[in-house]
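# sequence first, then the predicted structure, then my questions.
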Amino acid sequence: MILAIESSCDESALALFDPARGIVRELVSTQAAEHEKYGGVVPELASRMHLSALPLLLAEFRADLPAVTRIAVTRGPGLLPCLSMGVTLARALALATGRPLVGVNHLRAHVHSVFLPGHAADPAGFLTARSALLPHLGIVISGGNTLLVRLDEDLSIRVIARTVDDAAGEAFDKGAKLLGLPYPGGALIERHAARGDVAKFAFPRGIPEKADLRLSFSGLKTALRYQLEKMDDAQVRAALPDLCAGYQHAIIEQLVAKVGAALDRGAYRSVGLSGGVANNRTLRTRLANAAAQRCLPMFLAEPKHCGDNAAMIAFAAWSEPDRPADVAPAPSLTVDQA
């Protein structure tokens with residue numbers, strides 16, 4: 001079995017994965033409430049909280065340690081002080097148990113995470129079933145990344161498109177801050193948008209040309225700020241559902257358009273959506289419809305595996321068995337690097 005450790009940002013997590021059964025156990029300790037008062041993640045605070053939380057989580061897995069055959073840990077990308085906490089624990093655990101240690105790319109784990117339910121449903125037949133789904137278009141949308149990637153038959157990953165500035169999740173959080181909503185604001189924008197009219201406020205769509213797969217969200221945030229400067233506080237409060245609806249619509253429309261263009265341009269057998277923003281229900285529905293229109297199966301990361309978690313780290317360590325042993329923290333690691 002593989003024991004995995006995740007500490008790339010503000011979630012401390014451990015998970016145990018059995019290739020014959022799937023995820024045996026997983027635990028996550030979130031720091032969201034602590035960082036909310038600062039309007040974002042404070043790296044030094046996050047690392048101190050990892051230092052406290054990770055040993056407590058590990059204690060819950062103590063009885064499983066004799067069955068562990070490999071230890072996996074997130075080595076990047078992420079916040080260096082946070083990554084270092086997980087790597088330090090993993091190195092100590094590997095030394096104490098004599099088990100081999102491998103480093104896992106957090107972004108690649110997100111790409112693979114959409115296949116976790118398929119493995120759980122049929123562990124014995126999973127590898128054969130997955131091979132029929134490749135090449136696969138992976139869509140990773142989070143607070144720090146917005147990527148379209150191609151997962152090929154040899155499990156290599158190549159970037160098809162990425163944002164040139166803000167990530168979609170960053171656009172949600174920055175937009176929420178402008179609207180006076182607390183951090184993290186993406187879920188709050190979605191909640192208010194459900195009661196709003198997307199046609200009341202028109203916001204720009206970044207890079208509209210279909211031939212250009214790049215994404216951009218910084219102009220959208222600027223457009224929201226300009227709109228709010230024309231309104232007083234009472235008007236903003238009254239129009240909050242419509243502002244959120246229009247803002248969310250602009251983000252999702254751009255993503256759907258770029259994914260559709262990528263699917264029409266490449267030969268894919270499946271589509272997958274993962275990352276923290278993948279919990280947005282409107283986005284999940286719209287992208288699932290885009291895949292269905294092209295008769296492609298759509299795989300959605302389970303809500304509990306959209307955010308940072310150790311289950312996907314363990315699964316990625318198993319999915320990519322020829323991983324290098326390097327576990328040195330790599331804050332700027334990219335999805336196409338091992």
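Everything's here; your move. Numbering: from 1, shown residues only.

# so what's the residue count around the closest residue to Leu14 other than its chain neighbours?
Excluding its sequence neighbours, the residue lying closest to Leu14 (C-beta to C-beta, 6 or more residues apart in numbering) is Leu57, at 4.6 Å. (Glycine included, C-beta is placed from N, CA and C.) Neighbourhood size, Leu57 [other C-beta atoms under 10 Å]: 20.

# identify the residues contacting Leu57.
Ser12, Ala13, Leu14, Leu27, Ser29 (C-beta atoms under 8 Å, 6 or more residues apart in numbering).

# who touches the one helix or strand Arg91 maps to?
Assigned by DSSP states H and E, Arg91 belongs to helix 80-97. Applying C-beta under 8 Å, 6+ apart, the contact partners of helix 80-97 are 3, 5-10, 43-44, 46-47, 50-51, 54-55, 58, 65, 68, 71-76, 99-101, 103, 327-331.

# do stretch 295-304 as well
Contacts for stretch 295-304 (C-beta under 8 Å, 6+ apart): 110, 113-118, 133, 263, 268-275, 278-279, 284, 287-288, 291-292, 312.

# now swap in stretch 171-181 and tell me
Contacts for stretch 171-181 (C-beta under 8 Å, 6+ apart): 39-40, 143, 166, 182-186, 188-189, 192, 217-218, 220-221, 224-225, 228, 236, 240, 243-244, 247-248, 251, 277.

# buried subset of those residues?
Using 16 or more other C-beta atoms under 10 Å as the burial test, the contacts of stretch 171-181 include 143, 166, 183-186, 188-189, 192, 217, 220-221, 224, 228, 236, 240, 243-244, 247-248, 251, 277 as buried.

# tell me which of those residues fall in helices.
Using DSSP state H, the members of these that fall in helices are 186, 188-189, 192, 220-221, 224, 228, 236, 240, 243-244, 247-248, 251.

# pull out the buried residues from the host helix or strand of Lys258.
Take DSSP H and E as the rule and Lys258 turns out to sit in helix 233-265. Under the neighbour-count criterion of 16+ other C-beta under 10 Å, helix 233-265 has 236, 239-255, 257-263 buried.

# buried among the contacts of stretch 295-304? Need that as a selection in ChimeraX.
If you want just the buried ones from those in ChimeraX, going by 16+ other C-beta under 10 Å, the selection is:
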select :110,113,114,115,116,118,133,263,268,270,271,272,273,274,275,278,279,284,287,288,291,312
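
# helix, strand, or coil at the residue lying closest to Pro241 once chain neighbours are set aside?
Leaving aside its sequence neighbours, Pro241 sits nearest to Gly196 (C-beta to C-beta, 6+ apart; 3.4 Å). Here Gly196 takes the coil state, with states given by DSSP: H, G, I helix; E, B strand; the rest coil.

# give me the number of residues near Gly196?
Neighbours of Gly196 using other C-beta under 10 Å come to 21.

# so it touches Ala238, yeah?
No: look at Gly196 against Ala238 with C-beta atoms under 8 Å: they stay out of range, at 11.3 Å.

# tell me where the protein has strands.
For the chain, the strands defined by DSSP state E occupy 2-6, 11-18, 22-30, 70-76, 101-105, 136-141, 146-151, 157-162, 270-274, 298-300.

# check which residues of the last one are buried.
Along strand 298-300, the positions that meet the burial threshold by neighbour count (16+ other C-beta under 10 Å) are Met298, Phe299, Leu300.

# of these, closest to Ile207?
Nearest to Ile207, judged by C-beta to C-beta, of those is Met298 at 24.1 Å.

# could I get the pLDDT score of the closest one?
Looking at Met298, its pLDDT is 98.

# could you do Ser142 as well?
89.

# for the nearest residue to it once chain neighbours are set aside, phi and psi?
The shortest distance from Ser142 to any non-neighbouring residue, by C-beta to C-beta, 6+ apart, is to Gly275 (3.7 Å). Backbone geometry at Gly275, expressed as degrees, to the nearest 10, gives phi 100, psi 160.

# and Arg269, what does it touch?
Counting by C-beta under 8 Å, 6+ apart, Arg269 has contacts Ala132, Leu133, Leu134, Pro135, His136, Leu296, Pro297.

# cutoff 7 Å now
Neighbouring residues of Arg269 by C-beta atoms under 7 Å, 6 or more residues apart in numbering: Ala132, Leu133, Leu134, Pro135, His136.

# any chance of these in a markdown table, plus distance to Pro81?
Listed next are those as a markdown table, based on distance: C-beta to C-beta, whole Å:
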| residue | distance to Pro81 |
| --- | --- |
| Ala132 | 42 |
| Leu133 | 37 |
| Leu134 | 36 |
| Pro135 | 37 |
| His136 | 34 |
